[in-house]
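Peer 1: Below is the sequence, then the predicted model.
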Amino acid sequence: MPKRVEFGTVTSAASSKTRRVEIPRVVRHPKYGKILHRRTVCHVHDEKEESGLGDKVEIVECRPKSRLKRWELVRIIAKSTAVDISSLRSGARATALKESAARKEEAVATGSEGKTS
């Protein structure tokens, strides 16, 4: 029997060698006919830890590796281009503080040298 191959997005990379991948799907409600968006969550074994949060990946079914892991990572289709806003803001804040401290030191150094009395 052939192994199932799926495509999804990595939603968690917190554990070592384990990734949480969501596979979106669209289903029609059996009675009302409304289109519903559902997702399947798979825990995937990533031996080399090469995938990251937000990456599009291809996974394949395998034998059970642990209580939840039944999938293996085949390849990364596309790396995530998402940017962590909080780290950018904290980095910018730290840079601004360093620059202001350098300006203050310059002002103190030039102010004390300029005085001759």
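Peer 2: Great, that's in hand. Since the structure is predicted, the reported quantities are computational estimates derived from the model, not experimental observations.
Peer 1: ok now the helix or strand of the chain at the bottom of the mean pLDDT ranking, how far from the chain's centre?
Peer 2: With mean pLDDT, DSSP states H and E as the measure, the helix or strand of the chain carrying the lowest mean pLDDT is helix 85-114 (a mean of 80). Relative to the centre of its chain, helix 85-114 is centred 32 Å away, using CA atoms, centre = their mean, to the nearest Å.
Peer 1: go on, stretch 66-74?
Peer 2: Its chain's C-alpha centre and that of stretch 66-74 lie 19 Å apart, by CA atoms, centre = their mean.
Peer 1: can you offset everything so residue one is 891?
Peer 2: All set: I'll call the first residue 891, so the last point we hit is now stretch 956-964.
Peer 1: Show me what counts as buried in it.
Peer 2: For stretch 956-964, the buried set under the neighbour-count rule, 16 or more other CB atoms under 10 Å, comprises K959, R960, W961, E962, L963. Placement of C-beta: from N, CA and C, glycine included.
Peer 1: Quick one: mean pLDDT for that stretch?
Peer 2: Averaging pLDDT along stretch 956-964 yields 96.
Peer 1: Understood, closing this out.
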